[in-house]
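>>> generate coordinates for the sequence data below:
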Amino acid sequence: MKNKGFGTRILKVFFLVVVFQLFAFFLFAASNVVVSPDALVSDTGAWLQLTADVASGSDIEITIIVDYNNDGVQSGPDFILKYYPLKEGVAPILPGSPKPGDEDGQNGHLLTHIDLWSDTPPASHFIIRVQDSGDSASDQVTISQPATGQSVSGILRNEYDNAIAGFIIAMDQTGREWFAATNADGTYTINLPSGQVSVAGFAFWKITDFNGPSAQSFVLDPGEHKLPVNLKVLGGNYGVMGQVKDTSTNQGIPYMMVFAETENLTANVVTDGAGNFYIALLNGTWEIGLDSAQCNERGLVGICEKQIVVNNSGVLGVNFELSPANTYITGKVKKKKDDSPLVSYDVRAESDTLGRIEGYTHGPDGSYILLVKNGDWWVKVDEDDLRRGGFMRPPDREISPAQGSPATGIDFLLEEPTSLIEVLVKDKSSSDPVSDIGVSVSDQNWENVGFAQTDAEGKAKFGVVEGAYQVGLNFTDLSARDYIAAPNQEAIVGTSETKHLVFEIEKGEMFINGTLLLNTSPVSGVNVTLYDSSRWWLCFAESQADGSYHIPVKAGAYYVQPDGGQLIGRNIAPTPAKETSLTSGTRVVNFNLSLPTATIDVQVVGGGVVNLPNITVFIGEDIPDQLPLANLSTDSSGMAHFRVVAGSYILGVESYSVMQAGYLPRSNKSVSVASSETKYVDFFLRPYTSRIAMDAILNLYAFDDWQRNFLDANQDGRLDIADVITLIIQGK
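Below you'll find the predicted structure:
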């Protein structure tokens, strides 16, 4: 998601809204629905316990409806905020699962819990409805706001200045949020702390402009009741259509929220009963996708974000394919100093091939559960939550849960900083501070420990502990304003020390531009990497919706290459780097990409029996001194699949990842593959032992198979000191 602040955070709370639906009436009816507690405060979170008499073995639908006029029935502007399908008699995947199930095992009776441990549940009146194979029955819940002594009131309107029902979201300077539903007539009052706050209106099927009429920022004085703060949402001009589908059933998925974001605009709709959706947007480039927290609640996994260009013709066929989770990742988030649990912290799992899932820690033990598919995932804690809590970012966890063998005990112990790194970014020519530049801090293992945007004074601060760090600037933010990539700086920080770093950035007067095309169609979202004349990595630029990229540079010689791993993930063949140089002006470097015609399957095995995951495998042209075409990591079965065009290639395993896994590096292998052919290549790695220091040295050399066989004088499958002695004795 591109937007900062409101545009991103609002999606974490409002998971679902659906149009009015008609329910069929059958013989056996749900009845005696009881929900507890029936009242809670919006900043505490809770589990809702729900019981009901239902038809035995029936499919159950639980809906949480915003009851704008508090009359206990769905009417007028009331709509469904959350939707949970389950089956009577089928238990959840595990206790505390975000996907509800029937927990009591009683025939014809439902007991389930719904997790409301999210950022902040919106304050409003709600109807909790249970539908089985017959009629429906319901109970009511009220979520109220905590009293603060200050409030903001006003009216939410649409583009025609008509008052409409919706939500109000507010945020203070630290990023803490408050949410409340309006009344049925669009009026609202939201209680807030004193100080600098921002308030915005939000309504489904409408566009929120966070830099326009949808939002206001101001200082709220202690005891002040500020009014009227009127807000307006907008309509779109061009239609976007698509479908969300379950690949396991080939059926559309009903009532999934679809969001769209660009710059400071956001809009949301939901799929209908057949999984179809329509959303009206303004022209421009948008990111469109599904809410990954809602996917976790429904136990669905898939790639859920795409980039689209909206213009006069609209966009058709923006489809998303999901499939049921088959395993899970679970753990706890705690304070390191006292082991106390932390709740309402967003934990997410990300995968290049499987998508993104997120969920929130809930009490009383600070546990989280992410429903995923088997494969390789990176698990991390949300940086905004860490910043608000005053914690440093813990290292991301690389996890590979298998089907039937979930990853458990994946805990995060959050540490409070003892020192500070303060960064100042300024224009080299004018010495003026430069705001809105992303700054990242990494530890000695290149684990990201913090990210922030520079403020109006060009500053960003990071809490750290004693140690050495690398600090760098986000090149996307730099290049968007024609600044040249700035080299990283090292910060060595002692306990209770504040380390000051200054980045003087300069405008580019020369540029490398180009376009990525596949059969005349633009290829967006691919990183185009810039290397210097010595093939050292400098920076990258992401291709835009029209396939274009833009890199400000100094005079010099460079190599330019799209990321081969990303291309393979898009079923596009990796392409060689192109060499270029310039002394002035702009150099155009285009890439006409190709569909793959062949496959090379690489398997990495340790000790002859263990399939090794997370080993970096590279492929390159069989030409000396060329940059690799692509790098891929082996999956849980030790496999990496390279989709390429026919030709001759060099394959190898990256030494660092091999040695990190406790094995010796191996020499590269040459392979040729024809069109429509799949070629299998294996790398057998040997573990370190106490007597093979010489092996490590010998095996770093890129011997081909004939040379290795010749040097292995005693034919034991290894190169060691015994071979050296034997060759000397033999006079070779």
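
>>> low-confidence stretches in the stretch 1-150 of the chain?
1-29, 44, 118-120 (pLDDT under 70).

>>> which residues of it fall in strands?
In the stretch 1-150 of the chain, the strands defined using DSSP state E, counting those that start in this stretch lie at 31-36, 39-41, 47-53, 59-66, 79-87, 109-115, 124-131, 136-144.

>>> can you redo the ones you listed as TSV with distance to Asn374?
Yep, even glycine has a C-beta here, placed from its N, CA and C like the rest. Supplementary listing: the strands of the stretch 1-150 of the chain in TSV, determined by distance: least, CB to CB, whole Å:
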stretch	distance to Asn374
strand 31-36	35
strand 39-41	37
strand 47-53	28
strand 59-66	27
strand 79-87	23
strand 109-115	24
strand 124-131	33
strand 136-144	37
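
>>> of all those, which one is nearest Gln544?
strand 79-87 (34.8 Å; CB to CB).

>>> just so I know, which of the strands of the stretch 1-150 of the chain lies nearest Asn668?
Per CB to CB, nearest to Asn668 of the strands of the stretch 1-150 of the chain: strand 109-115, 50.1 Å.

>>> and the angle from the closest one to strand 124-131?
140 degrees (axes from the mean of the first three to the mean of the last three CA atoms, to 10 degrees).

>>> list the buried residues in strand 109-115.
His109, Leu110, Thr112, His113, Ile114, Asp115 (16 or more other CB atoms under 10 Å).

>>> ok, the last one to Leu48 distance?
In this case it means Asp115. Separation of Asp115 from Leu48 (CB to CB, to the nearest Å): 8 Å.

>>> try the fifth one
For Ile114, the distance to Leu48 equals 4 Å [CB to CB].

>>> also the first one?
Taking CB to CB as the measure, His109 and Leu48 are separated by 17 Å.

>>> likewise the fourth one?
Per CB to CB, His113 is found 7 Å from Leu48.

>>> the third one too?
In this structure, Thr112 lies at 9 Å from Leu48, with CB to CB as the measure.

>>> next: the second one.
The spacing between Leu110 and Leu48, counted by CB to CB, is 13 Å.

>>> tell me which stretches of the stretch 551-700 of the chain form helices.
564-569, 655-660, 693-699 (DSSP state H, counting those that start in this stretch).

>>> mean pLDDT lowest for which of these?
Lowest mean pLDDT within these: helix 693-699, at a mean of 48.

>>> thinking again about what came up before, give me the common contacts of His113 and Leu48.
Overlap of the contact sets of His113 and Leu48 (by CB atoms under 8 Å, 6 or more residues apart in numbering) is empty.

>>> now stretch 147-159: buried residues?
Buried, per 16+ other CB under 10 Å, within stretch 147-159: Gln150, Ser151, Val152, Gly154, Ile155, Leu156, Arg157, Asn158.

>>> ok, Ser42 touching Thr142?
No - the criterion here is CB atoms under 8 Å, and Ser42 misses it with Thr142 at 10.2 Å.

>>> identify the residues contacting the closest residue to Glu415 other than its chain neighbours.
Once flanking residues are discounted, Glu415 sits nearest to Lys336: 4.6 Å by CB to CB, 6 or more residues apart in numbering. Shown in contact with Lys336 (CB under 8 Å, 6+ apart): Leu413, Leu414, Glu415, Glu416.

>>> state the pLDDT value of Lys336.
94.

>>> and it, how far is that from Gly359?
For Lys336 relative to Gly359 (CB to CB), the value is 22 Å.

>>> Glu416 too?
Taking CB to CB, one finds Glu416 at 24 Å from Gly359.

>>> higher neighbour count, the two?
Gly359 (27 against 13; other CB atoms under 10 Å).

>>> which residues pair with the more buried one across the strands?
Val347 (DSSP bridges).

>>> what sits against it?
Pro98, Ala293, Asn296, Asp346, Val347, Arg348, Tyr368, Ile369, Leu370.

>>> ok so the last one is a strand residue?
Yes - using DSSP: H, G, I helix; E, B strand; the rest coil, the assignment for Leu370 is a strand.

>>> helices along the protein, start to end?
6-9, 292-298, 383-389, 475-479, 564-569, 655-660, 693-699, 705-711, 721-729 (DSSP state H).

>>> now what about stretch 641-651, what contacts it?
So stretch 641-651 is contacted by 568, 571, 573-574, 594, 596-602, 617-622, 629-630, 632, 668-675, 677, 681 (CB under 8 Å, 6+ apart).
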